[in-house]
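**Q** Predicted structure and sequence below. I'll ask about it afterward.
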Amino acid sequence: MPVLPRDVRGFSLLELLTALVIVGVLTSLAAPAMDRALARMRTRAALDRFTGDLYHARILAVRSGRAVVVQFPGSERCGGAANRYGTDHYLVLARDGSDRVLKRVALGGGGLCLEMNQSDSMRFDSRGMLRGLGNRTVVARRGGDVRDSLTVSRAGRILRRF
């Protein structure tokens, strides 16, 4: 067996274990912050998709000359009958006498719920205008915390609040 010179050295087992413990402690401190950041990104992604679907519904209404509705069916996970304006999925419907479902979107779970003030649907008329009284605000909640929101004006414009 060859003998190594005295000036060639490595790390001792104690030094390696100390470094691993420090890395483990730092990782455990960073994990909750990463969970919150991921939840925030998922919420924003869901509202981004919803915003895109609202713009698409508005354009469909203008192009077809008929009303298009974005509807929030009640959801047991988001309060059920007590909160009939909250849902974990939504529908885009064509109001052409048959209420055809153009799109059905699930928000992907994780406790994310969309809640809307005033009613359970938004109806865009043939001019792309939002029907009903006043603006509509949609709030995204995850476990009771308000994470993000958007407001749809009567003119059909969407304002995001980050």
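**A** On my side now, so go ahead.
**Q** heading toward the C-terminus, what's the first helix or strand past the helix or strand encompassing residue 24?
**A** Assigned by DSSP states H and E, residue 24 belongs to helix 13-64. For helix 13-64, the succeeding helix or strand toward the C-terminus, using DSSP H and E, is strand 68-71.
**Q** Strand partners (parallel or antiparallel) of the helix or strand just after that following strand?
**A** Sequence-wise, the next helix or strand beyond strand 68-71 is strand 86-87, with elements assigned using DSSP H and E. Using DSSP bridges, the strands paired with strand 86-87 in its sheet are strand 112-116 (antiparallel).
**Q** Tell me what angle the partner strand forms with helix 13-64.
**A** With axes from the mean of the first three to the mean of the last three Cα atoms, to 10 degrees as the basis, strand 112-116 and helix 13-64 are set at 30 degrees to each other.
**Q** what comes up buried for strand 112-116?
**A** Along strand 112-116, these residues count as buried under the neighbour rule (16 or more other Cβ atoms under 10 Å): 112-116. (Each C-beta comes from the backbone N, C-alpha and C, glycine too.)
**Q** what's the spacing between the lowest-mean-pLDDT helix or strand in the chain and its chain's center?
**A** None of the helices or strands of the chain scores lower by mean pLDDT, DSSP states H and E than strand 86-87, at a mean of 74. Between the mean C-alpha location of strand 86-87 and the chain-wide mean there is a distance of 12 Å, by Cα atoms, centre = their mean, to the nearest Å.
**Q** what's next to it, contact-wise?
**A** Counting contacts by Cβ atoms under 8 Å, 6 or more residues apart in numbering, the residues outside strand 86-87 that touch it are 72-75, 78-79, 113-116, 141.
**Q** Which helix or strand lies directly C-terminal to that strand?
**A** Proceeding N to C from strand 86-87, the next assigned helix or strand is strand 89-94, under DSSP H and E.
**Q** strand partners of the following helix or strand past that next one, parallel vs antiparallel please.
**A** Using DSSP H and E, the next helix or strand after strand 89-94 towards the C-terminus is strand 100-106. In its sheet, strand 100-106 lies beside strand 89-94 (antiparallel), with partners assigned from DSSP bridges.
**Q** Could you report the neighbour count for residue 42?
**A** Using other Cβ atoms under 10 Å, residue 42 has 18 other residues around it.
**Q** Could you check the pLDDT of the spatially closest residue to it that is not a sequence neighbour?
**A** Spatial nearest neighbour of residue 42, excluding adjacent residues (Cβ to Cβ, 6 or more residues apart in numbering): residue 110 at 6.2 Å. Looking at residue 110, its pLDDT is 71.
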